[in-house]
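A.B. asks: Model the following, please.
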Amino acid sequence: MELFQNKDIKEVIEIAIREDVGSGDHSSLACIPSDKQGKAYCIAKQAGVIAGIELAAYIFKRIDPSLQFLPLKQDGEKIAVGDRIFEIKGSDISILTAERLVLNFMQRLSGIATQSQQISELLKDYHTTVLDTRKTTPGMRLLEKWAVKLGGCQNHRIGLYDMIMLKDNHIDFAGGITKAIEKTQQYLQFKGLNLPIEVETRNMEEVKEVIKIGKINRIMLDNFSPELLAEAITLIDKKFETEASGGITLANIQAYAASGVDFISVGALTHSAERIDLSMQVEN
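C.D. replies: I've put the predicted structure just below:
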């Protein structure tokens, strides 16, 4: 998995190891012979979409290169209660030392992938693409956005550096939409940057102002009702990409997609995903 070549991901794993293992797994070291070998497996206690199998293999090998890891499922695969996800053989102490690290990552990422799959399934017959946001766990953004894609939804910008997004506070601080867009164009020209520009709008008057100014790529329609959203989409008339955000749930997302909007951004994809229950069990 190319993701594990990223130095930021490697550092997150190192931080997790330092945080959990510290000076050593004294519980295991105290009561298990150092040369004892065994086998354990990860089992699903809840249905969903599994994510983090390759990450688990990486962590086990990082703890003890002699451990033997056997994947029984693939990242992105649907799992049922009772499914075995992977097997791990080798030093009992090493397996126990890595156990919680592996489960913490996999449960979190599998929860995100599962919710992403549920949402993408709801919109499979619509034109709309569902995007995540920057509402991620600090340090975990690349992993969480990877899990979103495993489930079938897509990534918005990665951070503040790869796209211009003029939100309500930017607009208010800048003195209005027109000034915010003009200053942004001047900034990009001065810096020699070629970044897409998205502008948040809060009502139809702001939508009209953005259409008149132009010089942007996407209009975000924030906290619009499905009916008002459809009206705005008609007014924009494909001159710019459109994105709906705010107040969108599993219960109403199809009504928003029916407006013809290009994108719907859902912060809950990452910030509110429930963990999938997984367990490690020793094979006797």
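A.B. asks: For the residue of the chain most remote from its centre, give me its contacts.
C.D. replies: Computed with C-alpha atoms, centre = their mean, the residue of the chain farthest from its C-alpha average is P33, at 40.4 Å. Residues counted as contacts of P33 (C-beta atoms under 8 Å, 6 or more residues apart in numbering): none. (Glycine included, C-beta is placed from N, CA and C.)
A.B. asks: can you do 10 Å?
C.D. replies: Neighbouring residues of P33 by C-beta atoms under 10 Å, 6 or more residues apart in numbering: D92, I93.
A.B. asks: measure it to E283 for me?
C.D. replies: If you measure P33 against E283 using C-beta to C-beta, to the nearest Å, the figure is 18 Å.
A.B. asks: and the residue nearest to the spatial centre of the chain, what helix or strand is that in?
C.D. replies: Most central in the chain under C-alpha atoms, centre = their mean is K145, positioned 2.8 Å from the mean C-alpha point. K145 is located in helix 141-151, with elements delineated by DSSP states H and E.
A.B. asks: what mean pLDDT does the helix or strand containing F190 have?
C.D. replies: For F190, the element it lies in under DSSP H and E is helix 177-191. Taken as a whole, helix 177-191 has an average pLDDT of 97.
A.B. asks: which outside residues touch that helix?
C.D. replies: By C-beta under 10 Å, 6+ apart, the residues outside helix 177-191 that reach it are 164, 166-167, 170-176, 193-195, 197, 199-202, 205-207, 209-210, 212-216.
A.B. asks: follow-up on the earlier one: can you confirm the residue farthest from the centre of the chain is in a helix?
C.D. replies: No. P33: not assigned to a helix; according to DSSP: H, G, I helix; E, B strand; the rest coil it is coil.
A.B. asks: can you give me phi and psi for it?
C.D. replies: Per-residue torsions, P33: phi -60, psi 140 (degrees, to the nearest 10).
A.B. asks: Please apply the same query to A40.
C.D. replies: Backbone torsions of A40, given as degrees, to the nearest 10, read phi -140, psi 170.
A.B. asks: pLDDT score assigned to it?
C.D. replies: Looking at A40, its pLDDT stands at 97.
A.B. asks: is it true that it touches E283?
C.D. replies: Yes. Counting by C-beta atoms under 10 Å, E283 is a contact partner of A40 at 6.2 Å.
A.B. asks: can you list residues touching both of the two?
C.D. replies: E87, I88, K89.
A.B. asks: How many residues are close by the last one?
C.D. replies: The tally of other residues near K89 (other C-beta atoms under 10 Å) stands at 16.
A.B. asks: hmm, back to that, show me what counts as buried in the helix holding K145.
C.D. replies: R141, L142, L143, E144, K145, W146, A147, V148, K149, L150, G151 (16 or more other C-beta atoms under 10 Å).
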